[in-house]
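Novice: coords please:
(2 chains)
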Amino acid sequence: MKSKDLISSLFWMALGAGVCYGGIDLELGTLHDPGSGFMFFWLGIIMVGLSFSIGLRAMRAKAGKEGLKEIWAHGQWRKIISVLLALSLYAYSFNFLGFILGTVFLLLFLFKSVEPQRWSVAVLGAILSTLTAYLVFQKWLGTQLPKGFLDLG
Amino acid sequence: MDLLNYLAIGFSVAFQPINLFFCFMGVFIGTLIGVLPGIGPVGAMSLLLPTTFKATPEAAIIMLAGIYYGAMYGGSTTSILVNIPGEAASVVTCLDGYQMARNGRAGPALGIAAFGSFIAGTLSILGLMLLAPPLSRFALQFGPPEYFTLMVLGLSVLIYLAHGSMPKALLMAAFGIVLGLIGLDSINARPRLTFERLELMDGIGLVPIVMGLFGISEVLLNIEQAIRREVFKTKIKGLLPTAKDWRDSKGALARGSLLGFFLGILPGGGAVISSFISYAIEKRVSRHPERFGKGAIEGVAGPEAANNAATGGAFIPLMTLGIPPNVVMAMLLGAFMIHGVQPGPLMIKQNPGLFWGVIASMYIGNIMLLILNLPLIGMWVQVLKVPYKILFPLILLFCLIGVYSVSNAVFDIYIMIIFGILGYLMKKFDYEGAPLVLAFVLGPLLENNLRKSLIMSQGDFSIFFTRPLAAVSLIIALFLLVSPIIPWMGRKRREIPKE
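Specialist: So this is what the prediction gives:
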């Protein structure tokens, strides 16, 4: 049994069922005049059918290298989670901290935590990259980046 | 005569200083992202899309197109010198290009890759120039049923050519259409799957999805695998291929150009497939197939010509029908829309300056690329030496700003992070992102044309089988989708990735 295919098929099946329900909720209409939910309903049915076939094939397949353990074999998931947490925190505090402060903190964290650099490289890299991005996007291209509580920029 | 007049208009547009600047920026950035692993042309185009908002549509499309064909040039450098393809279309160049470098022939390998790319790129522009106008006149006769079935055909080819399981690719396409339909219904303005979030009323943006699936997820995979790159330590000399090299390569260049161009036009085809097929053909027609994999110059010339010719071919369905044949063109379709231009049969007539300007800029861009990739090869080798631990925070930073600057919404950053996680898991669980993105772009068009067709025929599905072009497209699509059940077709499909 290919456990990873079985797990993914269950996920897509649930999502497909949700889409199907969403389609019914939006009204299917008729073939003469398809409603807002027409496409969703049929796409949901297709998703459920396809995930069922993937799951069925996974159950019939012999156990091989494709197990769940193999997927996480590299053992670097701590790095992945720390990067994702840093990005989410950056997004959450973006308007409050502002672009300059938030970005310096984010880059400092990325330079130091995932593949640790010397402090001098990390600090200089974070400040220079932030300022370059600020000059290019805010000053040259006119993007409205948030100034934050310190009103920087 | 008309053709020459139009081309003159095109060059007058392309030679405007601002357009020359954008063309140079496009091919320069294209080469850079081709050289750097971890971010492909799709990611780079979505990243730089906001930088074109203040530019004219001509300048914007010239730059974005430059990134696409520039990446094809740059990708070969890493394949030859590091044995790591800068992007997917250069995977096959590793086989003989790196062996040539190991044999002390890095110069001729880089040279034939650049010249081959230039020749094929120029030939494909010629093909685009000759084929696009008559095809767009023909496309004026198309109605909703033809458009619907052509889009179904495009998605079917992409699904058929997917690397792994076809049900998985089909599932991704269905999910992509669902995502594309989120937002207000185009017919009755009813909110659909918006969960009462104001940000979703206009639908999910293409840029956050692409940046998440192709940018963030790629970074996550790379930091997990800890990329180690060692540039092959050799002095690069003799970039000009010898007379014998040219004799050995000329057939491969011609075949690669033709093959790449026509495969580029086909929906779902494109640079990656054409480079692989070109390599397989060269190996089969060669009198010494045993040299392949050990440094045969034809093994570099053919695929490099094919992947560059495919970029020109891919513009044809987008510019004449408004249907993107692959993900990169889907991204370009998004750019056209943002700049208020609707690609399709009327585009060449309504925007001759834009269409011919982009074509003329490709000639200029190809010459710029030849200069960038031969005399300046040393600069790209230096770029290759930048460690990934320095590079990845910068890629993440540009993803974040790129996404934010499209709509000034933090919500889009969250969407990008969610799709980054989804893209990472999809790669772990062997699901492809390309069918999802193409279906996401085609979804609203697909639904619109299906609903219009059904209203036209009063709910009668036979409308798709009584109109010749619609019927042919649908039959081919159905044939491709059921092909895994037919034994010899299923075998053929499994052979494509092996070759």
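
Novice: residues of the stretch 301-450 of chain B that sit close to chain A?
Specialist: B:388-390, B:392-394, B:396-398, B:400-401, B:404-405, B:408, B:410, B:413-414, B:417, B:420-421, B:424, B:428-431, B:447, B:450 (Cβ under 8 Å from any Cβ of the partner chain). Yep, even glycine has a C-beta here, placed from its N, CA and C like the rest.

Novice: just the element for residue 55, please.
Specialist: Since you didn't name a chain, this refers to chain A. Here A:Gly55 sits within helix A:38-60, counting by DSSP states H and E.

Novice: quick revisit: among the residues of the stretch 301-450 of chain B next to chain A, which ones are in helices?
Specialist: B:388-390, B:392-394, B:396-398, B:400-401, B:404-405, B:410, B:413-414, B:417, B:420-421, B:424, B:428, B:447, B:450 (DSSP state H).

Novice: report the buried members of those residues.
Specialist: B:388-389, B:392-394, B:396-398, B:400-401, B:404-405, B:410, B:413-414, B:417, B:420-421, B:424, B:428, B:447, B:450 (16 or more other Cβ atoms under 10 Å in any protein chain shown).

Novice: name the SS class of B:Leu240, please.
Specialist: Secondary structure for B:Leu240, judged by DSSP: H, G, I helix; E, B strand; the rest coil, is coil.

Novice: so which residues of chain A form helices?
Specialist: A:3-25, A:38-60, A:68-71, A:77-97, A:99-113, A:119-134.

Novice: weakest of the ones you listed in terms of mean pLDDT?
Specialist: Across those, helix A:68-71 has the smallest mean pLDDT, namely a mean of 68.

Novice: how is chain A partitioned into domains?
Specialist: A:3-71, A:77-140 (automatic domain parsing).

Novice: do you know which of those domains lies nearest B:Ser249?
Specialist: domain A:3-71 (40.0 Å; Cβ to Cβ).

Novice: the closest one near chain B at all?
Specialist: Yes - using Cβ under 8 Å from any Cβ, we find that domain A:3-71 touches chain B at A:4-5, A:7-8, A:12, A:15-16, A:19, A:22, A:26, A:30-34, A:36-40, A:43-44, A:46-47, A:50-51, A:53-54, A:57, A:71.

Novice: from these, which would you call buried?
Specialist: Judged by 16+ other Cβ under 10 Å, buried ones among these: A:4-5, A:8, A:12, A:15-16, A:19, A:22, A:26, A:34, A:36-40, A:43-44, A:46-47, A:50-51, A:53-54, A:71.

Novice: dump the domains of chain A to TSV, plus distance to B:Lys283.
Specialist: Shown next, in TSV, are these (distance: least, Cβ to Cβ, whole Å):
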stretch	distance to B:Lys283
domain A:3-71	29
domain A:77-140	39
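
Novice: B:Ala310 touches B:Leu266, doesn't it?
Specialist: No - if you go by Cβ atoms under 8 Å, B:Ala310 and B:Leu266 don't touch, sitting 9.5 Å apart.

Novice: these two: who's more crowded?
Specialist: More neighbours surround B:Ala310 than the other of B:Ala310 and B:Leu266, with 35 against 22 (other Cβ atoms under 10 Å in any protein chain shown).

Novice: quick one, what contacts the closest residue to the more buried one other than its chain neighbours?
Specialist: What sits nearest to B:Ala310 in space, not counting adjacent residues and going by Cβ to Cβ, 6 or more residues apart in numbering or on different chains, is B:Gly264, at 3.4 Å. B:Gly264 makes contacts with B:Ser124, B:Gly270, B:Ala271, B:Ser274, B:Ala309, B:Ala310, B:Thr311, B:Gly312, B:Gly313, B:Ala314, B:Ile316, B:Pro325, as judged by Cβ atoms under 8 Å, 6 or more residues apart in numbering or on different chains.

Novice: from those, pick the one nearest chain A.
Specialist: B:Pro325 (22.1 Å; Cβ to the nearest Cβ).

Novice: which of the helices or strands spans the closest one?
Specialist: Residue-wise, B:Pro325 maps onto no helix or strand under DSSP H and E.

Novice: surely A:Pro146 meets A:Gly98?
Specialist: Yes - A:Pro146 lies in contact with A:Gly98 (Cβ under 8 Å); the separation is 5.1 Å.

Novice: how many other residues sit next to B:Pro289?
Specialist: 12.

Novice: wait, it touches B:Ala280, no?
Specialist: No - using Cβ under 8 Å, B:Pro289 makes no contact with B:Ala280, being 10.6 Å away.

Novice: quick one, helices of the stretch 151-300 of chain B?
Specialist: B:166-181, B:206-210, B:217-225, B:243-265, B:271-285, B:298-321 (DSSP state H, counting those that start in this stretch).

Novice: quick one: closest of those helices to B:Phe118.
Specialist: Among these, helix B:298-321 sits nearest to B:Phe118 (Cβ to Cβ), with 7.9 Å.

Novice: avg pLDDT for that closest one?
Specialist: Per-residue scores along helix B:298-321 average to 87.

Novice: ok, now stretch A:137-146?
Specialist: pLDDT averaged over stretch A:137-146 gives 80.

Novice: do the same with stretch B:76-93
Specialist: Stretch B:76-93 comes out at a mean pLDDT of 76.

Novice: now do stretch B:34-45
Specialist: Mean predicted lDDT for stretch B:34-45 stands at 75.

Novice: same question, stretch B:14-27
Specialist: On average, stretch B:14-27 scores 93.

Novice: check whether that stretch comes near chain A.
Specialist: No - using Cβ under 8 Å from any Cβ, stretch B:14-27 never reaches chain A; the gap is at least 12.1 Å.

Novice: what does that stretch rub up against?
Specialist: Contacts for stretch B:14-27 (Cβ under 8 Å, 6+ apart): B:13, B:52, B:55-56, B:58-60, B:62-67, B:69-70, B:73, B:357-358, B:360-361, B:363-365, B:368-369, B:372.

Novice: again, but for stretch A:107-114
Specialist: A:79, A:82-83, A:86, A:117, A:119, A:121-123, A:125-126, A:129-130, B:223, B:389-390, B:392-393, B:396-397.

Novice: of the residues you listed, select the buried ones using a PyMOL command.
Specialist: Restricted to buried positions by 16+ other Cβ under 10 Å, the PyMOL selection for those reads:
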select buried, (chain A and resi 79+83+86+117+122+123+125+126+129+130) or (chain B and resi 223+389+392+393+396+397)
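
Novice: quick one: contacts for the closest residue to B:Ser257 other than its chain neighbours?
Specialist: Using Cβ to Cβ, 6+ apart and skipping residues adjacent in sequence, the residue nearest B:Ser257 is B:Ala120, 4.1 Å away. B:Ala120 makes contact with B:Leu253, B:Gly256, B:Ser257, B:Gly260, B:Phe261, B:Glu304, B:Ala305, B:Ala306, B:Asn308, B:Ala309, according to Cβ under 8 Å, 6+ apart.

Novice: now render these as TSV, adding neighbour count.
Specialist: Compiled in TSV, those are given as follows (neighbours: other Cβ atoms under 10 Å in any protein chain shown):
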residue	neighbour count
B:Leu253	25
B:Gly256	34
B:Ser257	28
B:Gly260	37
B:Phe261	28
B:Glu304	38
B:Ala305	35
B:Ala306	37
B:Asn308	34
B:Ala309	34
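
Novice: which pair of those spans the longest distance?
Specialist: Farthest pair in these, by Cβ to Cβ: B:Phe261 and B:Glu304, 13.9 Å.

Novice: kindly report the residues of the stretch 1-150 of chain B close to chain A.
Specialist: Checking the stretch 1-150 of chain B against chain A by Cβ under 8 Å from any Cβ, the hits are B:Pro50, B:Thr51, B:Phe53, B:Lys54.

Novice: tabulate these (TSV), appending secondary structure.
Specialist: Shown next, in TSV, are those (three-state DSSP):
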residue	secondary structure
B:Pro50	helix
B:Thr51	helix
B:Phe53	coil
B:Lys54	coil
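
Novice: out of those, flag the one nearest to chain A.
Specialist: Nearest to chain A among the residues of the stretch 1-150 of chain B next to chain A, with distances taken as Cβ to the nearest Cβ, is B:Thr51, at 5.6 Å.
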